[in-house]
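>>> Structure for this input, please:
(one chain, ligands or ions: 1)
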Amino acid sequence: MTRVLVVEDEPNIAFALEMDLQTEGFQTTVAGTGPDGLAAAAREAFDLILLDVMLPGKDGFDVCRELRRSGVRTPIILLTAKTHDAEKVLGLDLGADDYVTKPFNPHELRARIRAVLRRTPGATDQTEAFRFGNATVDFGRAEVTREGQVVDLTAIEFKLLSTFIRGRGRLFSRDQLLDAVWGAGVSLNDRVVDNHIVSLRRKIEPVPTEPRFLMNIRGLGYRFDA
Ligand code: CA
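Residues are numbered from 1 along each chain as shown. Model (predicted):
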């Protein structure tokens with residue numbers, strides 16, 4: 001059973017989240033302050049943490065940072081009150097996996113949760129094939145075909161595409177893509193990402209100049225929609 005830790009101080013929101021998650025078949029634990037959240041995450045193993053930003057005791061940014069520093073790798077979705085904070089999630093080196101802006105709609109939150117759980121190691125079946133447009137991605141063979149023809153992708157392009165597919169619907173900053181594809185700590189210019197996106201689009205987009213799948217989110221990064 002998937003276990004979710006909800007760190008949220010507003011009882012109504014915490015209750016609504018619990019009801020929603022339990023309907024989805026998740027097991028939930030609620031903590032009402034930053035320190036309680038940290039303690040719960042240290043005490044038990046969770047599959048996912050929903051972490052409010054505005055919390056008594058210690059805010060969600062600090063809780064997130066401390067969890068990562070202490071080696072907790074559980075996926076974290078931050079619940080932010082403002083778009084301004086949402087941008088910070090991507091800008092700061094917090095180690096969060098995604099964010100949802102309040103007031104969130106349950107449908108969007110569920111989609112984000114599914115996306116985050118899907119890209120958790122072990123949660124993705126790497127032998128599965130994924131189809132979008134006229135393309136098929138065969139993860140077992142590390143091969144992409146379009147209408148039966150093999151598309152000539154470089155190893156980096158395949159890795160980039162796989163990262164997007166595993167995290168489809170999620171916004172990736174250029175830094176996050178550099179970490180995921182080229183490796184954490186590698187110091188490369190952001191332009192490297194843009195250049196590879198351009199070449200990947202040429203190979204997978206029906207009309208590369210009007211992308212349908214690999215979307216540029218101005219100033220923030222890229223998102224794969226399929
Ligand atoms: Ca709050």
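>>> When you work out contacts or count neighbours from here on, use the C-alpha atoms and nothing else.
Fine.
>>> What does Arg218 show for phi and psi?
Main-chain dihedrals, Arg218, degrees, to the nearest 10: phi -50, psi 130.
>>> Next up, the contacts around the closest residue to the ion within the chain.
As assessed by Cα to the ion, the ion sits closest to Met54 within the chain, at 4.1 Å. Contacts for Met54 (Cα atoms under 8 Å, 6 or more residues apart in numbering) come out as Gly60, Thr80, Ala81.
>>> Tell me how many other residues crowd the second one.
Applying the criterion other Cα atoms under 10 Å, we find 24 residues in the vicinity of Thr80.
>>> Assess the claim that it and Leu50 are in contact.
No. Applying Cα atoms under 8 Å, one finds Thr80 not in contact with Leu50, separated by 10.5 Å.
>>> Could you tell me which of the contacts of Met54 are located in strands?
Thr80 (DSSP state E).
>>> any chance of the contacts of Met54 in CSV, with distance to the ion too?
Formatted as CSV, the contacts of Met54 follow (distance: Cα to the ion, whole Å):
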residue, distance to the ion
Gly60, 9
Thr80, 9
Ala81, 8
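>>> Quick one: the contacts of Met54 as a markdown table, columns for pLDDT too.
Below are those laid out as a markdown table (pLDDT from 0 to 100):
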| residue | pLDDT |
| --- | --- |
| Gly60 | 93 |
| Thr80 | 87 |
| Ala81 | 82 |
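>>> Does the residue of the chain closest to the ion belong to a helix, a strand or coil?
Of the three states, Met54 takes coil under DSSP: H, G, I helix; E, B strand; the rest coil.
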